[in-house]
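Peer 1: Have a look; sequence and predicted model below, questions after that.
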Amino acid sequence: MSRWLIEWILAEGRWLTVSMVLAGAMVAVLAARRRSHGGLRIPAGLDVFYGCMIGTMAFGHLLAVTVKAWQGTLAASLWLLYPLGLVLLGPSVVLALAAGRREPGSSGGLRIGLNLGLLILLLGLGLHNWPLAFPAALNLAYRFSPRPAIARVVLSVAVLGYCALFLGGLVFLASGQSFEQFSGIEP
């Protein structure tokens, strides 16, 4: 494996930005494909974006853990980090795929459960993961909004939250620091 590729994989700051760009592209492609069939529904778009974003980051996590284990530089337990990545990757990919399918009359129960599961998991992983859990809460809030005006507010908050997350990802990328250094966990 080339040195450049290894460095790229291990650069933590890239994964959030890359995942959000990829997620945005996936939603745009799906919306374009569905334009002639009534368009992409907002809950499906939110779920595809979130599932793709978390799935890409989980894939990056697994790739980085694999590379560090191969190099012998993995500081934590492989038996902890691999399952963590898989537990995030599985539901997020299923969420994106389920939301991307066109199923008339579907209640979305699977997608509700996946959003809820990812929300609980990311909240349980600690305060530093809460910004990644917040979109799942908004996906659920949008779906259960009792009035269209409330749904529009929730959608606006979701879009602003994703913009803030993306800007934070760009700042993290530009800092060149590890996540621990950037977030102040490590002096």
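Peer 2: In hand now; what should we look at? Numbers count the residues shown, from 1 in each chain.
Peer 1: What distance do you get for the spatially most central residue of the chain to residue 35?
Peer 2: By C-alpha atoms, centre = their mean, the chain has its centre lying nearest to residue 54, at 2.3 Å. According to C-beta to C-beta, to the nearest Å, residue 54 stands 26 Å off from residue 35. The way it works is simple: take the backbone N, C-alpha and C, and place the C-beta from them, glycine included.
Peer 1: packing partners for the longest helix seen in the chain?
Peer 2: Scanning the chain for the longest helix, with DSSP state H as the assignment, gives helix 42-71. Here helix 42-71 touches helix 3-10, helix 12-34, helix 78-100, helix 109-124, helix 130-143, helix 148-175, going by 3 or more C-beta pairs under 8 Å, 6 or more residues apart in numbering; DSSP states H and E.
Peer 1: quick one: low-confidence parts of this structure?
Peer 2: Filtered on pLDDT under 70, the chain yields the residue ranges 1, 36-40, 102-107, 177-187.
Peer 1: one more time with 80, if that's ok
Peer 2: Scanning the chain for pLDDT under 80 picks out 1, 12-13, 34-40, 100-108, 176-187.
Peer 1: Could you grab the helix/strand/coil label for residue 75?
Peer 2: coil (DSSP: H, G, I helix; E, B strand; the rest coil).
Peer 1: And for it, the neighbour number?
Peer 2: Here the count is done by other C-beta atoms under 10 Å, and residue 75 has 6 residues near it.
Peer 1: Name all residues that make contact with it.
Peer 2: By C-beta atoms under 8 Å, 6 or more residues apart in numbering, the contact set of residue 75 is residue 68.
Peer 1: Please report the distance of it from residue 99.
Peer 2: Residue 75 is 35 Å from residue 99, by C-beta to C-beta.
Peer 1: re earlier: out of the helices and strands packed on helix 42-71, which comes closest to residue 65?
Peer 2: helix 78-100 (4.6 Å; C-beta to C-beta).
Peer 1: what's near enough to touch residue 65?
Peer 2: Residue 65 touches 74, 78, 81-82, 85, counting by C-beta under 8 Å, 6+ apart.
Peer 1: Check the burial of residue 134 by counting its neighbours.
Peer 2: By other C-beta under 10 Å, 19 other residues sit near residue 134.
Peer 1: Likewise for residue 5?
Peer 2: 10.
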